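# just a sequence and a predicted model for now, questions to come.
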Amino acid sequence: MAAAAAEAYAATAAGWDAIAPSIALEATWKLIGAANAHLETNEPWKMEPGPDLDAVMGDALEVLRLVAVLATPAVPGTGQHVWERIGLPGAAADQRLPAAAQWGGYPGGLPVEKGAPLFPRMTLPSAG
């Protein structure tokens, strides 16, 4: 996951430097996809409590921390919601890059808050 995070940061930073938000966000979303694949491969919902489960969930929380930082320029409210839900103090927008994009910044042991979906599914009215 650390390599995927480093790649995501490099591509995201390049996108923002080029004033190309779609490229920056696509790189950030690729990190989310890599984390999802990691979770599907490791199936933490089937694991017994212990160090292996802690490692998988720690990776997931670290990805959420990074996504909060990397996506904040485009979706500041959502980035802040993610930041707060994973128990981090302060503001995602106050994190300084590139240091904040280094793998391993999530301290662990923080309370995680479940909440409403950040991007709820929309249903379109039926035609007719």
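Nice, thanks for sending it over.
# what helix or strand does Ala13 sit in?
For Ala13, the host element (DSSP states H and E) is helix 2-17.
# Thr78: neighbouring residues, count only.
Look at Thr78: counted by other C-beta atoms under 10 Å, it has 16 neighbours. Where C-beta positions appear, they are placed from N, C-alpha and C, glycine not excepted.
# dump the residue contacts of it.
For Thr78, the contacting residues are Ala71, Leu118, Phe119, by C-beta atoms under 8 Å, 6 or more residues apart in numbering.
# and those, which is closest to Ala18?
For those, the minimum distance to Ala18 (C-beta to C-beta) is 16.8 Å, reached by Ala71.
# need the contact list for the closest one.
Residues near Ala71 by C-beta under 8 Å, 6+ apart: Leu25, Thr28, Thr78, Gly79, Val82.
# mind checking which of those are buried?
Leu25, Thr28, Thr78, Gly79, Val82 (16 or more other C-beta atoms under 10 Å).
# read off the pLDDT value for the first one.
Per-residue confidence at Leu25 stands at 93 (pLDDT).
# just the third one next, same as before
Looking at Thr78, its pLDDT is 93.
# fine by me, we can end here.
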